[in-house]
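# Can you look at this prediction? I've put the sequence above it.
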There are 4 protein chains.
Amino acid sequence: MTRPVLIDTDPGCDDAVALVLALEHPDLEVVGLTTAHGNAPVSETTANTRGILELVDRADVPVAVGADRPQNVALETAEHIHGEGGIRGEVPAPTAATDPVDIHAAQFIVEQAHEHDGDLVLAAIAPLTNVALAHALEPNLPELLDELIIMGGAAFTQGNVTPLAEANFHSDPHAAQRVVRDCEPTIVGLDVTAQATFPPERLESLSRDDPLGLSVFEWLTYYDEATLERYGIESAAIHDALVIAELIDDDVLETASYPLTVGTDGDLARGALVPDARGSTDAPVNGRVALEADYDRFRAILGDSLERLLESGDAQPPR
Amino acid sequence: MTRPVLIDTDPGCDDAVALVLALEHPDLEVVGLTTAHGNAPVSETTANTRGILELVDRADVPVAVGADRPQNVALETAEHIHGEGGIRGEVPAPTAATDPVDIHAAQFIVEQAHEHDGDLVLAAIAPLTNVALAHALEPNLPELLDELIIMGGAAFTQGNVTPLAEANFHSDPHAAQRVVRDCEPTIVGLDVTAQATFPPERLESLSRDDPLGLSVFEWLTYYDEATLERYGIESAAIHDALVIAELIDDDVLETASYPLTVGTDGDLARGALVPDARGSTDAPVNGRVALEADYDRFRAILGDSLERLLESGDAQPPR
Amino acid sequence: MTRPVLIDTDPGCDDAVALVLALEHPDLEVVGLTTAHGNAPVSETTANTRGILELVDRADVPVAVGADRPQNVALETAEHIHGEGGIRGEVPAPTAATDPVDIHAAQFIVEQAHEHDGDLVLAAIAPLTNVALAHALEPNLPELLDELIIMGGAAFTQGNVTPLAEANFHSDPHAAQRVVRDCEPTIVGLDVTAQATFPPERLESLSRDDPLGLSVFEWLTYYDEATLERYGIESAAIHDALVIAELIDDDVLETASYPLTVGTDGDLARGALVPDARGSTDAPVNGRVALEADYDRFRAILGDSLERLLESGDAQPPR
Amino acid sequence: MTRPVLIDTDPGCDDAVALVLALEHPDLEVVGLTTAHGNAPVSETTANTRGILELVDRADVPVAVGADRPQNVALETAEHIHGEGGIRGEVPAPTAATDPVDIHAAQFIVEQAHEHDGDLVLAAIAPLTNVALAHALEPNLPELLDELIIMGGAAFTQGNVTPLAEANFHSDPHAAQRVVRDCEPTIVGLDVTAQATFPPERLESLSRDDPLGLSVFEWLTYYDEATLERYGIESAAIHDALVIAELIDDDVLETASYPLTVGTDGDLARGALVPDARGSTDAPVNGRVALEADYDRFRAILGDSLERLLESGDAQPPR
Ligand SMILES: [Ca+2]
Ligand SMILES: [Ca+2]
Ligand SMILES: [Ca+2]
Ligand SMILES: [Ca+2]
């Protein structure tokens, strides 16, 4: 049985890997993609999202454009990590085939949640602006979803933007605060994603001499040497793909539940995901945090999917 | 020529006066009412809004239900000021005649802004949650409106919730911060509304022995003795009605433009509307603040309208 | 009867005027000067303080060196206002005659407070770091003093560093917060000092062709054209001297008592002096704020003193 | 060769163990004790400090009374953990033999630092108010000390007051912020102290039927069942004693250096010790944090010392 999944995304190289994994995998049905500011301005992440759909011949998947800025803080993007325009590789410029739907991402999320009547998974792999807006428009969103799974935060480990904050949560701390507080999320943060690498030797066999193959290779190797060294890893962390792998096989991650809050005020606390692991406060348990990952399983799921994708004539027609 | 106006409201006694003034006055065309949390939970302010429309036989005006909570802070209501359920008087329970439209207040605001193509006035006389959401859904909102006029803030005077903050801005400081920063508002705050009273002697003649007359009397006298004494006034401040009066006659208020910001962090700064009147910062001018009011003009406009309303067979049919 | 006064100061042009007024006036006995960072680093404000004492032949007054930095925030100085080294005019380099005492300003304040047994006035016309430290060393400081009078804050008017903050309070907001909270101060802020100018025509007659006369003239005219225009005044505000004038004649200022707090967190609230004028909080009354000034009286006190000083052979011997 | 050590303390049961260890051990020379608010008000921690000195016949050690409150936040104490009056056991009421010296703890710290001319170790095992004051009085304090070693913070682990903050840092976050920023400390926090227990079976042999023996037993077992369970340990964590053990044998702890900051603003960040372990900021390395402890070594040092102490006729004469 396939799970219907809506992905809120800001491609972004690791988003791109996550998207092709979700689109390819037979156990998931991607019912739509909503776009957010994040790795680049939303106009560019939208173009990238549409280009990825066209690259894998999936113009049938609806796209809804989301927020162009965070709730309250100024827009921050990460082209220095993901490349000019927010993505590497040979992603084609979008055509009319992937014209976005006429409603805002937040409304699209609410509509799809109602439509799937409790079965929809919302995978949020970008700053949480759209999800917070969807919750503002529909406070019953958590009950309408089967699951909300988020890439974001650094619960028990160092952040990647500040010592306490991961990029998605730092980019819109107010949205993250609200979603974490009110939406019962499963949170997949740097505690597990910082090591979610795909070994370089496996990448060799995937490399292909066409736009999709070249793009996948670029997406999987988007860290430069300095970034690899900073995190002490040998290939880039494919953060967002770990969320999708967990949706395909829930043995990929182990989680624990906590009272969770997200900081909004001041440079130090901004975007910090803070679990109350010892009951210091009387806050209720409101979410789950991934603490352990089975990276072999993750790599097998991702590798198999990418192999199928790259060998498939349908997915990558000759040009 | 009538001006199309959409009112975002949280009745609230002064809201109720503002609404009947706007609905009665021939120079304004109320194209819809959107409801917000504020003086009471949004379920109650919606019921009050609908009840007011039924009380004045204006079930033709569409109502859209808005946000049930602020963006990030906890819900605060003010039944201790406005009475149980957020309103005084004999406001009837709503009937199906005023069933709300099927979209969120924020979407309704965006739709109406597009529909009126630059002519719409948005009068926001409640916490700014819906307006901030509308701006998030449609970043061109300021350009789509003729004017955004807000009751809120205390620019150069003491607040009424904290020393620096007025109730609407305090209730959702993050929404206020965004709207003030990005939406080029005209702000009508306590600097002028705290003295926008309606003299008790004039109230005598208005009192009538029917639900509308009784309600108007209750709305105009909603302050208790302690509140009157605290502010050093002889009758209640009808804050929200001053906004509507200014829309009817733009000689009611005098304004000045400033770089404006709204505090969000910490008890002290939360909801503070801070004009940079001496150019301490290099922030750009982004809004206007009302500094002076012609209260005689205000009272004449309001008194005349209420007299017309209460004498009109149409507005208040026998029951 | 003379009042013993200890002045905590950061000369600073207006400090210099305040010091010569206090040193000259027969009703005050300056028992010591403590120096603070502020208009310049403490090494320079100390040199300036000593130089001023030597300029007016008062090397008998002990000087104690104070804090070199604020409690928690980074050091800020104001040479762009007060001139290179923090002062204008012909202030001589200090000699051994004014070598500072061997204890910290904060300890000196505590010692003098004990020594004068309830009669000492502490006039703090600089960032409040030393006073906060003195209170930390001796929590009974308020009871040991006759009066603590402060130049600082902008209670009901715009600040001069940020819209909410005056320079002394902004420079060490944590010290200001503590002193205002715990030390029962009389606060003389921009509400009254921003207009405490000395008319240019009176300056003409004061000008003299010796270092003291030249210095006094420079100190009284330290604002440049842009600053004068910004504040809408015709000559420089001699903030600190207003504090001394009030000690000489308590009809100079009118004050009112409030619950007072000082903001410490965030750019907006930092250094804001916030009176709770309407009882929004249940905080107790903890200080007085000057609301009105008799500027004619101020100018007469200051002008008479400067005339006496500049005409006195003792105060300004031939060189 | 013995190391001269000055201990700033707030006994406190674990402080008491730390003090008797430091006083007993032949490698350390305790040159004085300064007292701070913390586990109880400073009047009580001073009485406890003096009582402990009398209990172990060390009235020769000078005591200086310190700050009665934090720099800016309100006083918090921990009698619910340490017992009524801040300590358990049979600590005698102090006599004139241990009357405090006549200067403030902060001045005493500065004096001793000068006196020992670079050789003094300052061990701060309480909220850092006194140390911050000492640094304010003498900005060269770090250069004047051989070492500043602090019990406080939770660098890479959960706090014990809030999820991010340990009690000493939470109690005076502004003092901690300054000391960590400017004083090059070695920080021994919950990362290592939370497991610094003394096994119950070893406690049996130490128990003695006199005030000192009884007190030591009470001090070593000050956690109640709920606290033991909360931290998942079998006997109480003797936090402060780990600092002293490291001074005796620097193989007890392993440390690493980081850029460190301490949060002051907002409930979430207050008192948080935040290492920038990945170079997210460009802040300089300013301190060391203990990451690993050799608990066997710690227990051997502490156990041997307590045995010597309890067996010594001098230290604990018959009564
Ligand atoms: Ca992403
Ligand atoms: Ca209202
Ligand atoms: Ca000054
Ligand atoms: Ca302690």
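Happy to help now that I have it. Numbering: from 1, shown residues only, chains lettered A, B, ... in the order given. Ligands and ions are numbered 1, 2, ... in the order given.
# Show me the strands in the stretch 101-250 of chain A, by range?
Under the criterion DSSP state E, counting those that start in this stretch, the stretch 101-250 of chain A contains strands at A:121-125, A:147-151, A:186-188.
# elements contacting the shortest one?
It stands for strand A:186-188. Applying 3 or more C-beta pairs under 8 Å, 6 or more residues apart in numbering or on different chains; DSSP states H and E, one finds that strand A:186-188 contacts strand A:147-151, helix A:239-248, strand A:287-293. C-beta here means a position set from N, CA and C on the backbone, and glycine is covered the same way.
# Quickly check: that strand near ligand 1 or not.
No. Shown here: strand A:186-188 not in contact with ligand 1 (C-beta under 5 Å from the ion), separated by at least 11.4 Å.
# What's the mean pLDDT across that strand?
Mean per-residue pLDDT for strand A:186-188: 98.
# Please tabulate the strands of the stretch 101-250 of chain A in a markdown table, including the columns distance to B:Glu225 and mean neighbour count.
Putting the strands of the stretch 101-250 of chain A into a markdown table (distance: least, C-beta to C-beta, whole Å; neighbours: other C-beta atoms under 10 Å in any protein chain shown) gives the following:
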| stretch | distance to B:Glu225 | mean neighbour count |
| --- | --- | --- |
| strand A:121-125 | 52 | 28 |
| strand A:147-151 | 50 | 25 |
| strand A:186-188 | 52 | 27 |
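# Turn those strands into TSV, including distance to ligand 3.
Converted to TSV, the strands of the stretch 101-250 of chain A look like this (distance: least, C-beta to the ion, whole Å):
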stretch	distance to ligand 3
strand A:121-125	53
strand A:147-151	52
strand A:186-188	51
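# May I ask which helix or strand of chain A has the lowest mean pLDDT?
Least confident helix or strand, chain A: helix A:200-206 with a mean of 71, by mean pLDDT, DSSP states H and E.
# Just say helix, strand or coil for whichever residue of the stretch 201-319 of chain A sits closest to ligand 4.
Nearest residue of the stretch 201-319 of chain A to ligand 4: A:Ser280, at 18.7 Å (C-beta to the ion). Under DSSP: H, G, I helix; E, B strand; the rest coil, A:Ser280 falls in the coil class.
# Count the residues that sit near it.
Using other C-beta atoms under 10 Å in any protein chain shown, A:Ser280 has 18 neighbouring residues.
# same deal with A:Leu137?
23.
# and it, how far is that from ligand 3?
Applying C-beta to the ion, to the nearest Å, the value for A:Leu137 to ligand 3 is 54 Å.
# Equivalent analysis for A:Gly213, please.
Distance, A:Gly213 to ligand 3, by C-beta to the ion: 70 Å.
# my guess is A:Gly32 contacts A:Val61, does it?
Yes. Assessed by C-beta atoms under 8 Å, A:Gly32 is found in contact with A:Val61 at 6.3 Å.
# Please name the residues that touch the nearest residue to A:Pro62 once chain neighbours are set aside.
Using C-beta to C-beta, 6 or more residues apart in numbering or on different chains and skipping residues adjacent in sequence, the residue nearest A:Pro62 is A:Gly32, 4.5 Å away. With contact taken as C-beta atoms under 8 Å, 6 or more residues apart in numbering or on different chains, A:Gly32 is in contact with A:6-7, A:61-64, A:101, A:108, A:112.
# Tell me how far the residue of the stretch 1-150 of chain A found nearest ligand 2 lies from A:Ala106.
The minimum distance from the stretch 1-150 of chain A to ligand 2, using C-beta to the ion, falls at A:Ala136 (19.5 Å). For A:Ala136, the distance to A:Ala106 equals 8 Å [C-beta to C-beta, to the nearest Å].
# so which strand or helix has the residue nearest to A:His82 when sequence neighbours are not counted?
Nearest residue to A:His82 in three dimensions, chain neighbours excluded: A:Asn39, at 4.6 Å (C-beta to C-beta, 6+ apart). Per DSSP states H and E, A:Asn39 falls between elements, in no helix or strand.
# Which among the strands of the stretch 101-250 of chain A is found nearest to A:Val161?
Among the strands of the stretch 101-250 of chain A, the nearest to A:Val161 by C-beta to C-beta is strand A:147-151 (14.1 Å).
# Tell me how far stretch A:62-71 lies from the chain's centre.
Centre-to-centre, stretch A:62-71 and its host chain are 14 Å apart (C-alpha atoms, centre = their mean, to the nearest Å).
# end-to-end on that stretch?
End-to-end distance for stretch A:62-71, by C-alpha to C-alpha, to the nearest Å: 25 Å.
# what do you get for stretch A:238-254?
Here the two ends of stretch A:238-254 are set 18 Å apart, with distance taken as C-alpha to C-alpha.
# which residues touch the residue of the stretch 201-319 of chain A found nearest ligand 1?
Among the residues of the stretch 201-319 of chain A, A:Asp240 lies closest to ligand 1, at 4.8 Å counting by C-beta to the ion. A:Asp240 makes contact with A:9, A:12, A:14-15, A:17-18, A:125, A:151, A:193, according to C-beta under 8 Å, 6+ apart.
# Quickly name whichever of the residues you listed is closest to chain C.
For those, the residue nearest chain C by C-beta to the nearest C-beta is A:Met151; the value is 29.5 Å.
# For A:Ala123, see how far away the closest one is.
Distance from A:Met151 to A:Ala123, by C-beta to C-beta: 8 Å.
# Give me the common contacts of these two.
A:Val243.
# any idea how far A:Ala40 is from A:Asn72?
For A:Asn72, the distance to A:Ala40 (C-beta to C-beta) stands at 20 Å.
# Now do the helix or strand harbouring A:His80: everything it contacts.
Using DSSP H and E, A:His80 sits within helix A:79-82. Contacts of helix A:79-82 from elsewhere in the structure, counted by C-beta under 8 Å, 6+ apart, are A:12-13, A:39-40, A:85-86, A:88, A:222-223, A:227.
# ok, which residues in the stretch 101-250 of chain A are in contact with chain D?
With the criterion set to C-beta under 8 Å from any C-beta of the partner chain, the stretch 101-250 of chain A comes near chain D through A:158-164, A:230-231.
# redo that, cut-off 7 Å
A:158-159, A:161-164, A:230 (C-beta under 7 Å from any C-beta of the partner chain).
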